[in-house]
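J.: Sequence first, predicted model second:
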Amino acid sequence: MLEKYYKFKVDYNNYIVLIKIGNFYECFNNDAFILNSTFGYKPKRLKNSFKVGFPVNGIDEVTNKLEKLDLFYIVVDNDIIKKYDKGNNKYNYYNFNIDIINYNYLRIEKICSSLYDKMLDKDISNILNKIEDIMD
């Protein structure tokens, strides 16, 4: 499905590309993080990318909000495209750097692995307390 997404991103680079996959709409990478920041959808890590999805019955809510935020989008259902491109596109305003996100993700994975390795250490509670204090 990622191939189909990239195919559409060539022609619609500054659009959010929503692709219907079964009973869900999915988008990837930068588009996924825009939907994460807008709707709170949790990104799922794939091999070298990220995706978010939502049930097909949520498409009107999503597209209405994207329009209010002046974000251009296309909705792909098989090869049928619904396109929204009225007004001034603010896609670049919401742009995320996927390379930085991937880098940070790998750093977090490494830290988590290190914490698991230290699970039986007597100082692990102190380390976790410090992390929790920072996160609050």
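T.: Yep, that arrived. Residues are numbered from 1 along each chain as shown.

J.: List the buried residues for the one helix or strand residue 81 maps to?
T.: Secondary structure assigned from DSSP states H and E places residue 81 in strand 80-84. Using 16 or more other Cβ atoms under 10 Å as the test for burial, strand 80-84 gives residue 84. Bear in mind the C-beta positions are built from the backbone N, C-alpha and C, glycine included.

J.: May I have the strands that pair with it, each with its orientation?
T.: strand 73-77 (antiparallel) (DSSP bridges).

J.: Pull out the buried residues from the strand it pairs with.
T.: Quick answer for strand 73-77 (16+ other Cβ under 10 Å): 73, 74, 75, 76.

J.: Flag the shaky bits of this protein, pLDDT-wise.
T.: The chain contains no residues with pLDDT under 70.

J.: Where do the domain boundaries of it fall?
T.: Segmentation of the chain into domains, based on automatic domain parsing, reads 2-94, 98-135.

J.: Need the winner for burial among those.
T.: Comparing the domains of the chain by mean neighbour count (mean count of other Cβ atoms under 10 Å), domain 2-94 ranks first with a mean of 16.

J.: In contact with the residue nearest the centre of the chain, which residues are there?
T.: Among the residues of the chain, residue 32 comes closest to the average C-alpha position under Cα atoms, centre = their mean, at 2.4 Å. Contact analysis of residue 32 by Cβ atoms under 8 Å, 6 or more residues apart in numbering lists 41, 43, 50, 51, 52.
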